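Novice: how does the following fold in three dimensions:
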Amino acid sequence: MKKILLLSAAASTMIMAGGDIAPVEPIVETETGIFNNVAFSGELRTRYENVNDSIDDTANAITTRFALAVRADLAGIAGLSTFGEIMAVTNFGYDEYAPEQAGYATIADPANSRVTQAYLDYKTGETLFRIGRQALNLDDQRFLGSVNWRQMPQTLMGYTVSNNSIEDLGLMASYITDRYGIVDALSGGTETVLLHAAYQAMSELKLTGYGYLIGSNSNTYGLMAAGKAGMFNYIAEAATQKDATLEYQNMGKPTVDAMYYRVDLSTNYNGFIFGAAYESLGEADGNSHGFTTPLATLHKWQGFGDVFLGYTGGSSAFGLDDLYAKIGYSSPTFGKILAFYHDFSAKESLAGTTDAAGSELDLLYTYNFSKNLNFLGKAAFFSGASDSVISAAHNDVEKYWVQLDYKF
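Specialist: Numbers count the residues shown, from 1 in each chain. Purely as a prediction, here's the structure:
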């Protein structure tokens, strides 16, 4: 009965949040003082989430994210502009979930508010300099992302320069000093250097090279090839992770020697979507940790259930292989529906354990009521392996989401 009441409240809140809002332009421009071409934008996103992790009490959360952003040119100086964004997350008092209350399953959307972005831009020719708190999303966010799925995104304090002066070549370098995580417990200082280059070699091939030096964690160097051949989209990627070069506040330099591989093939034929992929994160093999991606948008990887969130984000001691497939259908009239199936396994096991790490079925449906208003329904069903060498994989997990997102 309690779940029904929560669902009813979520539906009512979502209708009020987005159902009867009159259409508005996504940006409103004005001028004032030293600020020129001032543009405002915002978002109202309400979500119901239910989690059963087979250990803690079932968690329920109704949360809303309100975001307001402003961009403006400064003092009439060509190429100089500023951007600011604030976000507030509320749970309407429905706080029967961790970290709001101990004993419940985790839903990483506590009530919170902060300045998420605040930076200065200066552009001269094809070179852009950015200083301040910023959201960074590189490639498909496998190694660096803003985790925008959570109500409070991840942003970074840093200095970024990008250049596109050479045809078909994009270069970026960034020095990061602070991380503001999806929850305050994940926020803190860092010393990180990000190097990224992307070259469109031909219409069928884009080559991307990167080096991510995360202080007191690891150095990652990789290469990705992506494109479209005939009716198929493909991705082939390999990376190596080595000992950290940088150190943050005497926190040490972990030893790491692990590999990463990914191959992905997909197609969309008359709206029907098919795809298969394999991803492999190397084990620790006697080092401090295996292949990890602590700054990634991890929810996009290894299933919607986030079973391996802390594992691949922080330790990956025994490695992890993910063999998965997807099938679905997309059309402007009916929206998009997708189903994913994952088969997980560790790269090694110990005596009395198995390398099996469970399987997961994920379902997703999205529908655009308008260019401003989007509906999302999603579910994850993870079947654990009680004797797995990866402790995170021992229990079954079920998660459900219903969401309305309105942008203006």
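Novice: tell me the phi and psi of Gly310?
Specialist: Gly310 adopts backbone torsions of phi -70, psi -20, taken as degrees, to the nearest 10.
Novice: which residues does the nearest residue to it once chain neighbours are set aside contact?
Specialist: Distances taken as CB to CB, 6 or more residues apart in numbering place Ala392 nearest to Gly310, at 6.9 Å, with adjacent residues excluded. C-betas here are computed from N, CA, C, even on glycine. By CB atoms under 8 Å, 6 or more residues apart in numbering, the residues touching Ala392 are 307-308, 310-311.
Novice: ok so Ala392 is a helix residue?
Specialist: Yes: Ala392: assigned to a helix according to DSSP: H, G, I helix; E, B strand; the rest coil.
Novice: mind picking the two most distant members of the contacts of Ala392?
Specialist: Val307 and Gly310 (9.4 Å; CB to CB).
Novice: picking that back up, report the separation between the residue nearest to Gly310 and Ile182.
Specialist: Distance of Ala392 to Ile182, given as CB to CB, to the nearest Å: 18 Å.
Novice: do the same with Glu85
Specialist: Distance, Glu85 to Ile182, by CB to CB: 15 Å.
Novice: next one: Ala356
Specialist: Using CB to CB, Ala356 is found at 30 Å from Ile182.
Novice: more neighbours: which of the two?
Specialist: The residue with more neighbours, out of Ala356 and Ile182, is Ile182; 25 against 19, by other CB atoms under 10 Å.
Novice: could you check the pLDDT of that one?
Specialist: Looking at Ile182, its pLDDT is 98.
Novice: what does Asp257 give?
Specialist: The model's pLDDT for Asp257 equals 98.
Novice: you'd agree it is up against Ser288?
Specialist: No: in this structure, Asp257 is not within contact of Ser288 by CB atoms under 8 Å, at 9.8 Å.
Novice: is Asn37 within a helix or a strand, and which one?
Specialist: Using DSSP states H and E, Asn37 maps to strand 35-52.
Novice: please apply the same query to Ile337.
Specialist: Assigned by DSSP H and E, Ile337 falls in strand 335-345.
Novice: neighbouring contacts of that strand?
Specialist: Applying CB under 8 Å, 6+ apart, the contact partners of strand 335-345 are 273, 302-304, 308, 320-330, 355-368, 375, 393.
Novice: next one: stretch 251-258
Specialist: 215-219, 240-247, 281-285, 287-291, 316, 319.
Novice: and stretch 208-221, what's buried?
Specialist: Neighbour-count burial for stretch 208-221, counted by 16 or more other CB atoms under 10 Å, picks out 208, 210-220.
Novice: over to stretch 292-307?
Specialist: Neighbour-count burial for stretch 292-307 flags 292-299, 301-307 (criterion: 16+ other CB under 10 Å).
Novice: take it, keep the C-alpha atoms, and write them as CSV.
Specialist: Output of stretch 292-307 as CSV, limited to C-alpha atoms (Å, rounded to 0.1, in the frame of the first residue of the first chain):
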residue,chain,number,x,y,z
THR,A,292,39.2,1.5,-12.8
THR,A,293,37.4,4.5,-14.1
PRO,A,294,36.6,6.7,-11.0
LEU,A,295,35.6,9.8,-13.0
ALA,A,296,33.3,8.1,-15.5
THR,A,297,29.5,8.2,-15.8
LEU,A,298,29.4,4.7,-14.4
HIS,A,299,25.6,4.3,-14.6
LYS,A,300,26.0,3.9,-18.4
TRP,A,301,28.2,0.8,-18.0
GLN,A,302,27.8,-2.7,-16.6
GLY,A,303,24.0,-2.4,-16.4
PHE,A,304,21.5,0.1,-15.0
GLY,A,305,21.5,-1.8,-11.7
ASP,A,306,24.8,-0.2,-10.7
VAL,A,307,25.9,-3.4,-9.0
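Novice: show me what the mean pLDDT comes to for it.
Specialist: Stretch 292-307 shows a mean pLDDT of 97.
Novice: for stretch 38-48, same thing?
Specialist: Stretch 38-48 comes out at a mean pLDDT of 98.
Novice: one more: stretch 188-198?
Specialist: Stretch 188-198 comes out at a mean pLDDT of 98.
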